[in-house]
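[1] Sequence plus predicted model, see below.
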Amino acid sequence: VPVATAIPPLPCEYHGQVMVDSAPAPAGTVIAAYVNGSVKGTLVVQTPGALGGTGTFDRRLVVSATEEDTAVTVSPDVIFYIDGIRADIVDSFGPGESHAVTLASKSLKQIPGFTAKPTDPDSDSIYEDLNGNGRLDFADVVLYFNQMEWIASNEPVSAFDFNGNGRIDFADIVKLFGES
């Protein structure tokens, strides 16, 4: 009995620039591309600010989506992360295509009055541990409430947007409280 199999979609390649805090991302910065919540490609920045190159043999960020990823739509969203912080753009997966992009994000900063940067204890790219003590506790909820304006102005919003609505607001405090 013959077995029918589908041909997986061709990968999509990305090249261009990577910026952190409006400056070229340093060598060693890790770029990850997600499709439907799963990592589909990574690249380590070799040359500051460069996401691969355009030459035939230059390295590029290769994103390999699966047939399941393209079942609902041929061009699912590709979400980029720069050292674990969501980049400011989303692109559409294009099987067999090469896309030029400029990825940018803010870096994590210490919240005023603390010496450690926030951490992500559960590795979900949302930084619940605002005071940097290595765990989520009620002190983080209070700190979020007291520093909401500062967080919205100085931190990468996606790293502290607990309810996923694209902004820092009181609903994030409620969600963080529910996790503590």
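    Structure's in. What do you need?
[2] correct me, but Ala100 touches Gly16?
    Yes - the criterion here is Cβ atoms under 8 Å, and Ala100 meets it with Gly16 at 4.7 Å. All C-beta spots, glycine's among them, are computed from the backbone N, C-alpha and C.
[3] quick one, which of those two is more surrounded?
    The residue with more neighbours, out of Ala100 and Gly16, is Gly16; 17 against 10, by other Cβ atoms under 10 Å.
[4] which residues does that one contact?
    By Cβ atoms under 8 Å, 6 or more residues apart in numbering, the residues touching Gly16 are Leu51, Gly52, His99, Ala100, Val101, Thr102, Leu103.
[5] Check Gly166 too.
    Counted by Cβ under 8 Å, 6+ apart, Gly166 has contacts Val157.
[6] hang on, the earlier thing: just the buried residues of the contacts of Gly16.
    Buried members of those, counted by 16 or more other Cβ atoms under 10 Å: Leu51, Gly52, His99, Val101, Leu103.
[7] Now do the shared contacts for Ala100 and Gly16.
    In contact with both Ala100 and Gly16: no residue, using Cβ under 8 Å, 6+ apart.
[8] quick one on the thing from earlier: among the buried ones among the contacts of Gly16, name the ones in strands.
    Leu51, His99, Val101, Leu103 (DSSP state E).
[9] Among these, list the two that are farthest apart in space.
    Using Cβ to Cβ, the pair of those lying farthest apart is His99 and Leu103, separated by 11.2 Å.
[10] which residues of the chain fall in strands?
    Under DSSP E, the chain gives strands at 12-20, 23-24, 30-35, 38-44, 50-51, 61-63, 77-82, 85-92, 98-105.
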